[in-house]
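1. Here's a sequence, model it:
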Amino acid sequence: MIDTRNAACPPAKRRITANLLIRVAAVVVVVVALVSFVRTAGVADLGAVFGTADPAWVFAAVAVFLVPLLGNVLALRAVAPVRLPWGLTTAAQLAGAFGNLVAPANLGGMATNVRFLHRRGVATTGAAGAVGAAQAAAVAVTVSLALPGLIASGRLAGAGALVSVPVVTIVVLVLLAAAAAALRCTATGRRWTGRVRSVAAATLTAFRLALATPGRAGLALAGNLLVTLGTTAALAAAVQAFGATRSFGDLLLVVAGSALAGVLPVPGGAGGAEVILAAQLTALGLQPPVALAAAVLHRVVTFWSRVPVGWFAFARLRRAGHL
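-> Numbers count the residues shown, from 1 in each chain. Prediction:
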């Protein structure tokens, strides 16, 4: 008889188990937070608020969110090293919405774009670099739009006063030193560093390609502006649908901050995105039932409504050999 009591668990199985535990823990935390927020808002009040939704503003939210879809298409075409057809690129962005449902932090959409570019003849590293360049440009545009609002509102100064600069510097240096040691001293770290270097080099190449041509640079800027401003306009319409109103600048800060929900290890940020968005709207002065209703409507418009269409686009692209 073979004694398997002390047999080591295969590394792949250990990774799957660890990832599963992390996701289960994240789901539990999100569910608890969502239930707590719903209880605070009041189920009866929440139902009454949904009953008062203005259909015209709901339709406006749905219509406006077609703008970010166009922005994503423009941004990817701007950084891609090959010419991309409009129809297939649009279908790939819709398919990415379905991919985001099954993977956290927008990884599903990014992987879909990488695969799409690879099937168009771009090397895997080059495809990853192009997608990375598109994501980096999106972050840069969002920060550029949100930073003036933070400065004007005084929130940036207030946040800086909460923690002293020396403490922040020490913490950052310690974290960087620990990360550098882990990357240099472990085989996994060295392999990961090599992959990151190759993708980073491809990302810089994609950036240079986009910036070297004024048309491409303008396309990338326009695409990312459409994504951020269109998402903010959809949120403004969702808030207005329940009789509330807030300044476009405040809602732009909310959209920028709600991107943090993407880091939760929950597919699509399900639950966590709604809670974070509702909490931010409550901080702006909306009543909890109105804030949660607006957050749910915004998520339905910007994410959940695109999942069925994304699944159809994903299936069609796979059958046609484009993914």
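2. quick one: the strands in this structure?
-> With strands called from DSSP state E, the chain shows none.
3. in it, which segments are predicted with low confidence?
-> Within the chain, the ranges that satisfy pLDDT under 70 run 1-47, 102-105, 149-204, 206-212, 259-272.
4. Kindly list the main-chain dihedrals of Cys246?
-> You called it Cys, but residue 246 is Arg. In terms of degrees, to the nearest 10, the main-chain angles of Arg246 are phi -140, psi 160.
5. What about the residue lying closest to it once chain neighbours are set aside, how many residues nearby?
-> In this structure, Arg246 finds its nearest non-sequential neighbour in Leu284, 5.4 Å apart by C-beta to C-beta, 6 or more residues apart in numbering. C-beta here means a position set from N, CA and C on the backbone, and glycine is covered the same way. Look at Leu284: counted by other C-beta atoms under 10 Å, it has 15 neighbours.
6. Surely Leu284 touches Val254?
-> Yes: in this structure, Leu284 is within contact of Val254 by C-beta atoms under 8 Å, at 7.0 Å.
7. re the thing from before, and the gap between the residue nearest to Arg246 and Leu235?
-> Distance, Leu284 to Leu235, by C-beta to C-beta, to the nearest Å: 11 Å.
8. Could you do Val82 as well?
-> Separation of Val82 from Leu235 (C-beta to C-beta): 34 Å.
9. what about the helices in the stretch 51-200 of the chain?
-> Using DSSP state H, counting those that start in this stretch, the helices of the stretch 51-200 of the chain run over residues 55-64, 66-79, 86-101, 107-119, 124-153, 155-162, 165-185, 187-212.
10. Pull up the overlap in contacts between Leu284 and Leu235.
-> Val254 (C-beta atoms under 8 Å, 6 or more residues apart in numbering).
11. Tell me who's in contact with the residue nearest to Val82 when sequence neighbours are not counted.
-> Excluding the flanking residues, the one nearest Val82 by C-beta to C-beta, 6+ apart is Arg120, at 5.4 Å. Applying C-beta under 8 Å, 6+ apart to Arg120 gives the contacts Ala80, Val82, Leu84, His322.
12. what does Phe116 give?
-> With contact set as C-beta under 8 Å, 6+ apart, Phe116 has these partners: Leu88, Thr89, Ala92, Ala95, Ala127, Leu317, His322, Leu323.
13. Distance of the residue nearest to the fifth one when sequence neighbours are not counted relative to Leu70?
-> So that's Ala127. Sequence neighbours aside, Leu117 is the residue nearest to Ala127 in space, at 3.7 Å (criterion: C-beta to C-beta, 6+ apart). Distance, Leu117 to Leu70, by C-beta to C-beta: 19 Å.
14. close enough to count as contact, Leu225 and Ala140?
-> No: using C-beta under 8 Å, Leu225 makes no contact with Ala140, being 11.2 Å away.
15. The two: which has the busier surroundings?
-> Leu225 (19 against 13).
16. State the distance from the more buried one to Thr89.
-> Using C-beta to C-beta, we find Leu225 at a distance of 18 Å from Thr89.
17. ok, now Ala236?
-> 27 Å.
18. can you check Val296 too?
-> Taken as C-beta to C-beta, the span from Val296 to Thr89 is 30 Å.
19. and the end-to-end length of stretch 280-292?
-> 10 Å (C-alpha to C-alpha, to the nearest Å).
20. To clarify, my last question referred to stretch 117-133.
-> One end of stretch 117-133 to the other measures 13 Å (C-alpha to C-alpha).
21. list the buried ones in it?
-> Going by neighbour count (16 or more other C-beta atoms under 10 Å), the buried part of stretch 117-133 is 117-120, 122, 125-133.
22. now stretch 215-230
-> Applying a neighbour-count criterion of 16+ other C-beta under 10 Å, one finds 216-217, 219-230 buried in stretch 215-230.
23. just stretch 73-83 next, same as before
-> Val73, Leu74, Ala75, Leu76, Arg77, Ala78, Val79, Ala80, Pro81.
24. Can you get me the start-to-end distance on stretch 297-306?
-> End to end - C-alpha to C-alpha - stretch 297-306 spans 13 Å.
25. Same question for that stretch: list its buried residues.
-> Leu297, His298, Arg299, Val300, Val301, Thr302, Phe303, Arg306.
26. Relative to Pro148, how far out is the first one?
-> If I follow you right, that is Leu297. Distance of Leu297 to Pro148, computed by C-beta to C-beta: 28 Å.
27. same question, the third one
-> Arg299 sits 27 Å away from Pro148 when distances are taken as C-beta to C-beta.
28. Same check on the fourth one?
-> Going from Val300 to Pro148 by C-beta to C-beta gives 30 Å.
29. swap in the second one?
-> His298 sits 23 Å away from Pro148, taking C-beta to C-beta as the criterion.
30. Straight-line length of stretch 58-76, end to end?
-> Its start and end residues considered, stretch 58-76 measures 29 Å (C-alpha to C-alpha).
31. Give me the contacts around it.
-> Here stretch 58-76 makes contact (C-beta under 8 Å, 6+ apart) with 84, 86, 89-90, 92-94, 96, 113, 130-131, 134, 137-138, 219-220, 222-231, 233-234, 237-238, 240-241, 297-298, 301-302, 305.
32. Kind regards, and thank you for your time.
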